[in-house]
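*Asks:* got a predicted model here, sequence first, then my questions.
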Amino acid sequence: MFESVMAKVKSSYFCQSCGFQSPKWLGRCPSCNEWNTFVEELIEKEEKGSWKSTSTKISSKPKSITEITYTEEHRILAADQELNRVLGGGIVPGSLVLVGGEPGIGKSTLMLQLALQLPSHKVLYVSGEESEQQIRMRAERLTDTSKNCFILTETGTQNIFKQIELLQPQLLIIDSIQTLHSSFIESAAGSISQVRECTAELLKYAKETGTPVFLIGHITKEGMLAGPKVLEHMVDTVLQFEGDRHLTYRILRTTKNRFGSTSELGIYEMSGYGLREVTNPSEILLSQREEKLSGIAIGTMLEGNRPLLIEIQSLVSPATYGTPQRSATGFDNKRMNMLLAVLEKRGGLRLGAQDVFLNIAGGLKVEDPALDLAVCMSIVSSLEEQIIPEDCCFCGEIGLGGELRAVNRIEQRITEAEKLGFKHLFVSKFNSKGLDKNKYQIQLHAASKLEEVIDTLSSIITKE
Ligand code: TYD
Ligand code: MG
């Protein structure tokens with residue numbers, strides 16, 4: 001008798017980093033090569049979970065692709081335009097969306113706001129993290145209210161599905177996936193096998209009923225979605241909510257989207273009344289400064305499909321302790337070192353004995369190579385202690401030979417710079433070739449080399 005009970009409870013070892021399953025303990029994961037990540041978790045294979053205990057099984061058969069009919073999926077439009085855009089044009093029925101981010105960044109606020117701003121839809125907000133009172137208190141701060149927003153504080157998936165069957169919500173929000181547990185699996189909430197099982201149950205629910213489900217997920221210290229990478233494979237869309245907790249700006253980014261582009265970006269400001277959409281991001285990214293300083297250059301960049309103007313700050317000062325320090329915040333360190341080498345070798349700048357610090361304003365992390373020119377100009381400006389006029393901005397990639405290379409979508413960048421009132425934009429010669437310069441009020445300065453940019457800039461400075 002004892003044996004038959006034992007046979008039912010099965011345990012397995014799971015890599016806590018990637019979710020790899022092994023029947024015995026391993027020192028190193030063969031899948032992700034991490035050491036010491038295996039943890040024993042109890043699993044019970046029998047009576048596998050289903051979101052609906054009485055669900056009628058429909059077995060699927062192969063169909064010719066031309067036979068499959070589809071109606072234009074009717075997306076639910078959130079009141080939040082930034083969220084709609086990031087999702088690729090609204091919420092797709094039956095989609096599973098993972099919202100990841102560090103603690104305190106505003107994931108719960110974003111999701112509660114979504115629920116409260118959708119009074120035409122019945123939304124169920126399941127929280128395993130906060131009490132009903134806490135959620136109500138938060139809702140008081142966000143000015144919107146909706147009678148159709150239901151709160152459930154529960155962590156067991158079986159109970160959650162029971163309530164779902166009663167309520168029949170049109171949108172489900174889970175805060176957070178790491179607090180859920182399924183009774184079909186023995187291990188603790190937040191463990192790999194629990195997270196995977198609960199997600200699988202929710203996935204099934206979403207697909208069978210066509211209800212969109214948002215899952216909030218925590219991020220570990222290393223910046224990984226806590227728990228398994230497998231979670232990212234299971235969901236349709238992964239949104240990352242990022243930003244510095246101490247700054248007010250937050251960025252919502254798509255890292256995976258089965259229903260739209262992954263290059264979209266939403267910008268929010270955390271205010272005393274919840275998250276506010278920022279419709280003109282360039283204004284916040286250009287710092288409001290009163291006195292003019294050297295070491296500041298404005299560059300144009302594209303985040304997703306959005307053109308932005310951003311302030312690059314650098315500080316170049318003689319190194320006092322032995323080896324000079326080079327450090328960049330929000331910008332790739334390797335790329336900065338490459339640009340420093342180009343400035344030294346091709347531009348003849350003496351940077352060898354200087355400390356160089358680079359900072360991207362607004363706490364943003366940038367990757368667009370079109371910012372190279374602005375980075376170089378801010379370094380030159382700091383080294384020479386020469387202030388760059390406020391109405392100048394820069395756009396161009398720098399090659400190893402110090403040549404200015406063309407960038408993509410130049411028209412969009414020019415229009416954005418013009419819209420923000422800049423008078424001079426420095427671009428690569430190759431970019432300016434096909435452009436109708438008379439179309440723009442902003443003055444375009446085409447250059448093929450960094451030195452030409454510096455020369456033109458000096459002549460602008462002396463004229464002013
Ligand atoms: P929260 O949504 O709880 O973050 P997460 O779910 O990602 O852990 O939001 C956390 C922070 O937001 C919290 O420190 C307080 C702040 N906040 C505001 O500044 N204004 C507001 O209106 C709300 C609701 C929160
Ligand atoms: Mg939260």
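*Replies:* That came in fine, so what should we check first? Ligands and ions are numbered 1, 2, ... in the order given.
*Asks:* okay, buried residues for the lengthiest strand in the chain please.
*Replies:* For the chain, the strand reaching the highest residue count under DSSP state E is reported as strand 306-318. By neighbour count with 16 or more other C-beta atoms under 10 Å, strand 306-318 contains the buried residues 306, 307, 308, 309, 310, 311, 312, 313, 314, 315, 316. Bear in mind the C-beta positions are built from the backbone N, C-alpha and C, glycine included.
*Asks:* ok, it: who's next to it in the sheet?
*Replies:* strand 296-303 (antiparallel), strand 354-360 (antiparallel) (DSSP bridges).
*Asks:* state the mean pLDDT of the helix or strand following that strand.
*Replies:* For strand 306-318, the succeeding helix or strand toward the C-terminus, using DSSP states H and E, is strand 326-329. In this model, strand 326-329 carries a mean pLDDT of 94.
*Asks:* helices or strands up against the next helix or strand after strand 326-329?
*Replies:* Using DSSP H and E, the helix or strand that directly follows strand 326-329 along the chain is helix 333-345. Here helix 333-345 touches strand 326-329, strand 354-360, helix 372-384, going by 3 or more C-beta pairs under 8 Å, 6 or more residues apart in numbering; DSSP states H and E.
*Asks:* tilt between helix 333-345 and helix 372-384?
*Replies:* Going by axes from the mean of the first three to the mean of the last three C-alpha atoms, to 10 degrees, helix 333-345 is angled at 60 degrees with respect to helix 372-384.
*Asks:* count of neighbours near residue 147?
*Replies:* Residue 147 is flanked by 7 other residues according to other C-beta atoms under 10 Å.
*Asks:* could I get the strands paired with strand 306-318 as JSON lines with mean neighbour count?
*Replies:* Listed next are the strands paired with strand 306-318 as JSON lines, based on neighbours: other C-beta atoms under 10 Å:
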{"stretch": "strand 296-303", "mean neighbour count": "25"}
{"stretch": "strand 354-360", "mean neighbour count": "21"}
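*Asks:* which helix runs longest in this structure?
*Replies:* helix 192-209 (DSSP state H).
*Asks:* quick one: neighbours of residue 396, just the number.
*Replies:* 33.
*Asks:* who are the contact partners of residue 231?
*Replies:* Neighbouring residues of residue 231 by C-beta atoms under 8 Å, 6 or more residues apart in numbering: 98, 177, 195, 196, 199, 217, 225.
*Asks:* what about 10 Å?
*Replies:* 19, 96, 98, 100, 177-178, 192, 195-196, 198-199, 215, 217, 225, 238 (C-beta atoms under 10 Å, 6 or more residues apart in numbering).
*Asks:* what helix or strand is it on?
*Replies:* Assigned by DSSP H and E, residue 231 falls in helix 230-234.
*Asks:* next one: residue 84
*Replies:* Assigned by DSSP H and E, residue 84 falls in helix 81-86.
*Asks:* how far does that helix sit from its chain's centre?
*Replies:* 13 Å (C-alpha atoms, centre = their mean, to the nearest Å).
*Asks:* kindly report the same for stretch 166-180.
*Replies:* Centroid separation for stretch 166-180 versus its chain: 22 Å, with C-alpha atoms, centre = their mean.
*Asks:* what comes up buried for that stretch?
*Replies:* 169, 170, 171, 172, 173, 174, 175, 176, 177, 178, 179, 180.
*Asks:* ok, the third one touching residue 210?
*Replies:* It refers to residue 171. No: when contacts are counted by C-beta atoms under 10 Å, residue 171 is not listed as touching residue 210 (11.0 Å).
*Asks:* what residues are shared contacts of those two?
*Replies:* Common neighbours of residue 171 and residue 210 (C-beta under 10 Å, 6+ apart) are residue 93.
*Asks:* ligand 1 contacts on the protein?
*Replies:* Contact residues, the chain versus ligand 1 (C-beta under 6 Å from any ligand atom): 101, 103-109, 138, 141, 270, 272-274.
*Asks:* looking at these, which is nearest residue 434?
*Replies:* residue 101 (41.0 Å; C-beta to C-beta).
*Asks:* which of the helices and strands packed on helix 333-345 sits closest to residue 278?
*Replies:* Of the helices and strands packed on helix 333-345, nearest to residue 278 by C-beta to C-beta is strand 354-360, at 16.7 Å.
*Asks:* now the closest residue to residue 77 other than its chain neighbours: how far from ligand 1?
*Replies:* Leaving aside its sequence neighbours, residue 77 sits nearest to residue 90 (C-beta to C-beta, 6 or more residues apart in numbering; 4.6 Å). Separation of residue 90 from ligand 1 (C-beta to the nearest ligand atom, to the nearest Å) stands at 22 Å.
*Asks:* for residue 90, what are its contacts?
*Replies:* Contacts of residue 90 by C-beta under 10 Å, 6+ apart are 73, 74, 75, 76, 77, 78, 83, 84, 212, 259, 260.
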